[in-house]
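Trainee: Okay, predicted coordinates and the sequence, questions at the end:
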Amino acid sequence: MRRALAPDPAGQLASQLAALACQSLLDEARLSPKPGLVDSRGSGAHSDLNLELMCRSARALQPAFFAMANAAWQQTPSTTLREQLGSLGRSGELAMLQASGGVNTHRGAIWAIGLLVAAAAMDASQLHAAAVCQRAAALAQLPDRLLPAQPRKGELACQRYGVGGARGEAQQGFPHITKLALPALQASRARGDGEVNARLNALLAIMSRLDDTCLLSRGGVPGLTLVQSGAAKILAAGGVATLPGRRRLYQLEKDMLAQRLSPGGAADLLAATLLLDRLPAMAGI
């Protein structure tokens, strides 16, 4: 008789987390209408991206998210773990580039969501957003001695404009998610706005406050200010579920497309928000 395989709780949890991470990226990509971003209508402000490419990239990242969650299972923050996650994340970038034909589709999302799936795997009994983000912050604050010395586009924007970027967001515990996006998502649902509108309002909440390095790289401070102000006005008008809010959304999109502005950092954080929103159900919280 064949012996039954021993249970693999680490692998089971990692598989669940990787599947949720992939689904969150797919949901963010398909969400419409997103100003300046790839969605089901088209390529937004991008000439090198489309929805099919974004979805293919998201699916290609599932093994990397599995590996990161598996490595972090029941671990505590340490430089060794941080460097292992960094190496796995860079392997994920290679898989992304292979799937996308060399286009950067999800580099920022690999960082944010990779940290979050690892943080979730560290303690599966505490999967509410505050606890997961706190553990992710502890990881992000640790050094990665294997990190390539060549700065990325987002890091250059951080240096030029004096903002924290994706690294600062993670090291602070993802405040634009915990204090803005998740509350906006939950408030919209409570109002009966519908899930699509709730997710769009969560995106706008991030856009209204985030110093998005994608926007700074494309449009400088004026471009960032235009997007932050426009997003805040949509929310002040009642959000995208209202007629005034929807009109302001389309005006903002028109203004952004005219300047080729795309809030890629906010999109990454929306995908991370959707992941964190789903995690408590895994623990029955």
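Mentor: That came through, no problem. Everything numeric here is computed off the predicted structure, so don't read it as measured data.

Trainee: quick one: contacts for Ser217?
Mentor: Ser217 makes contact with 153-154, 156-157 under the criterion C-beta atoms under 8 Å, 6 or more residues apart in numbering. Any C-beta I mention is one placed from the backbone N, CA and C, and that applies to glycine too.

Trainee: Report the buried members of those residues.
Mentor: The neighbour count (16 or more other C-beta atoms under 10 Å) marks 154, 157 as buried among the contacts of Ser217.

Trainee: Could you dump the contacts of Ser217 into TSV with distance to Leu37 added?
Mentor: As requested, the contacts of Ser217 are exported to TSV (distance: C-beta to C-beta, whole Å):
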residue	distance to Leu37
Lys153	17
Gly154	16
Leu156	22
Ala157	18
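
Trainee: now, which of the contacts of Ser217 lie within helices?
Mentor: 153-154, 156-157 (DSSP state H).

Trainee: By mean pLDDT, flag the weakest helix or strand of the chain.
Mentor: helix 153-161 (a mean of 88; mean pLDDT, DSSP states H and E).

Trainee: So which elements touch that one?
Mentor: The contact analysis (3 or more C-beta pairs under 8 Å, 6 or more residues apart in numbering; DSSP states H and E) places helix 153-161 against helix 165-171, helix 213-236.

Trainee: What are the buried residues along the shortest one?
Mentor: Applying a neighbour-count criterion of 16+ other C-beta under 10 Å, one finds 165-166, 169-171 buried in helix 165-171.

Trainee: And stretch 47-66, by the same measure?
Mentor: By 16+ other C-beta under 10 Å, the buried positions in stretch 47-66 come out as 49-51, 53-55, 57-58, 60-62, 64-66.

Trainee: what's Gly42 sitting at in phi/psi?
Mentor: For Gly42, the backbone dihedrals are phi 170, psi -160 (criterion: degrees, to the nearest 10).

Trainee: What does the pLDDT read for the closest residue to it other than its chain neighbours?
Mentor: Once flanking residues are discounted, Gly42 sits nearest to Asn50: 7.7 Å by C-beta to C-beta, 6 or more residues apart in numbering. For Asn50, the pLDDT comes out at 95.

Trainee: ok and the host helix or strand of Ala190 relative to helix 213-236, angle-wise?
Mentor: Element membership for Ala190, per DSSP states H and E: helix 182-191. Inter-element angle recorded for helix 182-191 and helix 213-236: 30 degrees (by axes from the mean of the first three to the mean of the last three C-alpha atoms, to 10 degrees).

Trainee: pLDDT on helix 182-191, on average?
Mentor: On average, helix 182-191 scores 98.

Trainee: name the helices or strands packed onto the helix or strand containing Phe65?
Mentor: Assigned by DSSP H and E, Phe65 belongs to helix 62-72. When contacts are defined as 3+ C-beta pairs under 8 Å, 6+ apart, helix 62-72 sits against helix 9-30, helix 79-100, helix 107-122.

Trainee: what angle do that helix and helix 107-122 make?
Mentor: Orientation of helix 62-72 against helix 107-122 (the same axes, to 10 degrees) gives an angle of 40 degrees.

Trainee: Which residues outside helix 62-72 are in contact with it?
Mentor: So helix 62-72 is contacted by 10-11, 13-15, 17-19, 21-22, 81, 84-85, 88-89, 91-92, 95, 110, 113-114, 117-122 (C-beta under 8 Å, 6+ apart).

Trainee: where in the stretch 151-285 of the chain is pLDDT low?
Mentor: For the stretch 151-285 of the chain, the stretches with pLDDT under 70 are 283-285.

Trainee: if we go to 90?
Mentor: 151-157, 281-285 (pLDDT under 90).

Trainee: just how off-centre is the least confident helix or strand of the chain within its chain?
Mentor: 19 Å (C-alpha atoms, centre = their mean, to the nearest Å).

Trainee: again with stretch 11-19
Mentor: 18 Å.

Trainee: average pLDDT across it?
Mentor: The pLDDT scores in stretch 11-19 average 96.

Trainee: how about it: buried residues?
Mentor: Those would be 13-18, for stretch 11-19 by 16+ other C-beta under 10 Å.

Trainee: Kindly report the same for stretch 63-79.
Mentor: By neighbour count on 16+ other C-beta under 10 Å, the buried set for stretch 63-79 is 64-73, 75, 77.

Trainee: swap in stretch 252-262?
Mentor: Counting neighbours by 16+ other C-beta under 10 Å, one finds that the buried residues in stretch 252-262 are 252-253, 255-256, 259, 261-262.
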